[in-house]
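[1] Sequence first, predicted model second:
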Amino acid sequence: MLIKNAPRVFIFGLGSSGYNAQELSQRLMRMGINAFAPSDSHTMYISSSIMQKDGLLIVLSVSGKSNEVNEAVAVAKQHQLKVVSITAFDDSPLAEMSDYQLSVQYSEFVDNTQFINSQLGVVYIIDILSTMLLQNKTYKARYQQTVAAILNRKMK
């Protein structure tokens, strides 16, 4: 798995995708994986300019058309990072720059944007990735260690 082999995992997303990027980053960190999810486009761009080629960039963008995110991804590609996108549009600029794409459904596909949250597919992918990683005994032990640390802190 790309995540296991990367010395550092960057996760980009803005708006609601940014919240999900933060969630994924926190999950990875709790497993002992060196992850970073910048919360603004300037930090994404700065991070992209200093990335090492053996790192991994995961990008969350339902539309795949966020200019700020895509500009940062283009800089990361110059550093030969592997890019994994989670997006709903196969023909988006983000999908075209990606080495790997995980596709999600978008609320317009079901013709009911008021009912279906377009981020649900992204959250599902994050849950699947987390579940797969937690099959690794080391990651699971680290995750359980962080749970214990939080619970023990709250009980004192």
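    Received the coordinates, thanks. Residues are numbered from 1 along each chain as shown.

[2] distance of Tyr45 from Pro38?
    9 Å (CB to CB, to the nearest Å). Every residue, glycine included, has its C-beta placed from N, CA and C.

[3] Counting neighbours, go ahead and name the busier of those two.
    The neighbour comparison of Tyr45 against Pro38 (other CB atoms under 10 Å) goes to Pro38, with 22 against 19.

[4] Could you report the pLDDT at Ala149?
    Turning to Ala149, the model gives it a pLDDT of 89.

[5] three-state assignment of it?
    Three-state call for Ala149 (DSSP: H, G, I helix; E, B strand; the rest coil): helix.

[6] and it, how many residues sit next to it?
    Neighbour number of Ala149 under other CB under 10 Å is 11.

[7] go on, the one 4 residues further on?
    Applying the criterion other CB under 10 Å, we find 8 residues in the vicinity of Arg153.

[8] mind checking which helix or strand it is in?
    Using DSSP states H and E, Arg153 maps to helix 137-155.

[9] What residues of stretch 83-94 count as buried?
    Buried positions in stretch 83-94, judged by neighbour count with 16 or more other CB atoms under 10 Å: 83-89, 92-94.

[10] From start to finish, how long is it in a straight line?
    Chord length of stretch 83-94, first to last residue, is 9 Å (CA to CA, to the nearest Å).

[11] What is the distance between that stretch and the centre of its chain?
    Offset of stretch 83-94 from its chain centre (CA atoms, centre = their mean, to the nearest Å): 12 Å.

[12] And the contacts of it?
    Under the contact criterion CB atoms under 8 Å, 6 or more residues apart in numbering, stretch 83-94 has outside partners 2, 56-66, 69-70, 73, 76-77, 95, 97-106, 109, 118, 121-122, 125.

[13] From those, keep the buried residues only.
    56-64, 66, 69-70, 73, 76-77, 95, 97-98, 101-102, 104, 106, 118, 121-122, 125.

[14] Now intersect the residues you listed with the strands, please.
    If you go by DSSP state E, those have 56-60, 101-102 in strands.

[15] closest to Tyr19 among these?
    Leu60 (9.3 Å; CB to CB).

[16] quick one: the closest residue to that closest one other than its chain neighbours from Val73, how far?
    The shortest distance from Leu60 to any non-neighbouring residue, by CB to CB, 6 or more residues apart in numbering, is to Gly13 (3.7 Å). Gly13 is 11 Å from Val73, where distance means CB to CB.
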